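Visitor: Would you be able to build a 3D model of this:
(one chain, ligands or ions: 2)
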Amino acid sequence: MVIIMLGAPGTGKGTVAGILQEKMGIKQVSTGDIFRKNIKEGTELGKLADSYISKGNLVPDEVTIQIVKDRLNEPDVEKGIILDGFPRTIVQAEALEKMLAEKGKKVDLVINLVTSEEEIIERLVYRRVCPNCKSIFNVILHPPKQEGICDNCGHELIHRDDDKEETIKDRFQTYLKQTSPLIEYYEKKGVLRTEEVSKKINRMGKEVAEDIVQEYQS
Ligand code: ADP
Ligand code: ZN
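Guide: Numbers count the residues shown, from 1 in each chain. Ligands and ions are numbered 1, 2, ... in the order given. Next comes the predicted model:
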């Protein structure tokens with residue numbers, strides 16, 4: 001099973017992917033996490049990625065596609081994969097289709113999360129993430145029990161560098177220009193599932209994920 005998480009930054013892609021991974025036993029692969037790990041370790045890839053990410057731009061397609069290609073060859077994703085943050089351009093989507101076809105696979109489901117820009121900014125500015133277990137908190141909406149500490153593993157939480165207001169606006173523009181055309185692309189392929197995520201309707205990533213898990217189990 002191949003699932004893709006689509007949606008602007010801060011819509012809850014990581015939250016949904018994490019729950020699906022846990023409940024459905026399919027591996028979550030986040031290109032953003034791979035880049036951040038490399039930035040932290042100071043690798044060549046990390047240095048390159050950082051020069052784009054810090055400006056709210058996308059890492060070039062050739063680089064990103066190669067990373068996913070290598071990752072898809074690892075045994076832990078043979079049964080299935082949840083791609084969290086990939087593809088983000090039409091070029092990436094076409095490359096993915098080819099890679100999967102070579103393995104006799106295809107994209108089965110694209111979960112498109114939709115949230116207003118206003119809510120996205122609020123969620124990201126106050127977002128705090130655990131670099132260790134990837135748990136996600138929000139200082140206002142979903143604070144950890146102890147300030148700055150992960151409820152799940154006790155690690156210190158971080159405020160991502162690109163979760164600052166100026167960069168968030170650039171990331172949103174990048175999404176509109178380069179990533180949002182994928183909605184139509186996958187709609188035409190008949191695999192798109194659009195979900196509104198908003199506190200106004202009391203529906204967050206968690207609720208979306210739980211519905212999907214239930215549907216697939218029955
Ligand atoms: P978010 O969805 O909250 O923006 P991610 O962790 O998915 O966060 O991505 C962080 C950054 O990593 C992106 O803003 C982008 O610069 C880079 N990135 C992640 N995935 C891709 C991709 N598929 N193609 C190009 N750049 C990517
Ligand atoms: Zn943690």
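Visitor: Would you list the phi and psi of residue 148?
Guide: Dihedral angles of residue 148 (phi, psi; degrees, to the nearest 10) stand at phi 80, psi 0.
Visitor: Spell out which parts of this protein neighbour ligand 1.
Guide: 9-10, 13, 30-32, 35, 52-53, 57-59, 64, 85-88, 92, 162, 171 (Cβ under 6 Å from any ligand atom). For every residue, glycine as well, the C-beta is placed using N, CA and C.
Visitor: Can you select the buried ones from those residues in ChimeraX?
Guide: Selection of buried members from the residues of the chain next to ligand 1 for ChimeraX, criterion 16 or more other Cβ atoms under 10 Å:
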select :9,10,13,30,31,32,35,52,53,58,59,64,85,86,87,88,92,162,171
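Visitor: Which of the residues of the chain next to ligand 1 fall in helices?
Guide: Among the residues of the chain next to ligand 1, DSSP state H puts 13, 31-32, 35, 52-53, 64, 92, 171 in helices.
Visitor: List just the nearest of those residues to ligand 1.
Guide: Of all these, the one with the least separation from ligand 1 (Cβ to the nearest ligand atom) is residue 32, at 1.9 Å.
Visitor: tell me the contacts of that closest one?
Guide: 84-85 (Cβ atoms under 8 Å, 6 or more residues apart in numbering).
Visitor: How confident was the prediction at it?
Guide: What the model reports for residue 32 is a pLDDT of 94.
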